[in-house]
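Engineer: Fold the stuff below for me.
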Amino acid sequence: YSNVTLAFDHAARYFATFADECQLMVSVDGGAYTNVTIPTVPAGADWAFVNSGKISIKSGSKLKFAFKYTSTTTTAATWEVKNIVVEGTK
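Structural biologist: Numbers count the residues shown, from 1 in each chain. Below is the predicted model:
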């Protein structure tokens, strides 16, 4: 697949630093998972959902996506993800 994009709606709250606690990871063709930047993240002040924006993904024949959530003894954010859309050209 080529020209692959991923988009989703998400809401989060109680995080100290979003990028440290909520991450999108991608594996292409069985390779290692790598972190992908999410262009638009929730403010975290309420439960309002925002759209991530279209995220370009490296081309490949097998793509795996992981939503990684990390908590610590100091922070335990919540993260909700819905309406996941993957588009691409075969």
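
Engineer: which residues of the chain fall in strands?
Structural biologist: Secondary structure of the chain (DSSP state E): strands located at 2-13, 22-28, 34-36, 50-51, 55-57, 63-69, 78-89.

Engineer: hmm, who's touching the third one?
Structural biologist: In this case it means strand 34-36. The contact list for strand 34-36 (C-beta atoms under 8 Å, 6 or more residues apart in numbering) reads 23, 24, 25, 26, 27, 55, 57. (C-beta placed from N, C-alpha, C; glycine too.)

Engineer: Just want the most central residue of this protein.
Structural biologist: Residue closest to the mean C-alpha point of the chain, counted by C-alpha atoms, centre = their mean, is residue 24 at 3.3 Å.

Engineer: Is that residue bridged to anything, and to what?
Structural biologist: Beta bridges link residue 24 to residue 36, residue 67 when assigned by DSSP bridges.

Engineer: Repeat that for the one 4 residues further on.
Structural biologist: Note on residue 28: beta-bridge partners by DSSP bridges are residue 63.

Engineer: Tell me the confidence at it?
Structural biologist: Residue 28 carries a pLDDT score of 91 in this model.

Engineer: same check, this time on the one 4 residues further on
Structural biologist: pLDDT, residue 32: 96.

Engineer: same question, the one 10 residues further on
Structural biologist: We note a pLDDT of 95 for residue 42 in this prediction.

Engineer: Can you give me the neighbour number for the nearest residue to it once chain neighbours are set aside?
Structural biologist: With sequence-adjacent residues excluded and distances taken as C-beta to C-beta, 6 or more residues apart in numbering, residue 42 is closest to residue 12, at 4.6 Å. Other residues near residue 12 come to 22 when the count uses other C-beta atoms under 10 Å.

Engineer: ditto for residue 11
Structural biologist: So residue 11, with other C-beta under 10 Å, has 17 neighbours.

Engineer: picking that back up, for ChimeraX, what selects the buried ones among the contacts of strand 34-36?
Structural biologist: Applying 16 or more other C-beta atoms under 10 Å to those, the buried members can be selected in ChimeraX as follows:
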select :23,24,26,55,57
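
Engineer: Contact partners for the closest residue in space to residue 5 that isn't next to it in sequence?
Structural biologist: Excluding its sequence neighbours, the residue lying closest to residue 5 (C-beta to C-beta, 6+ apart) is residue 54, at 4.4 Å. Contact analysis of residue 54 by C-beta under 8 Å, 6+ apart lists 5, 6, 7, 39.
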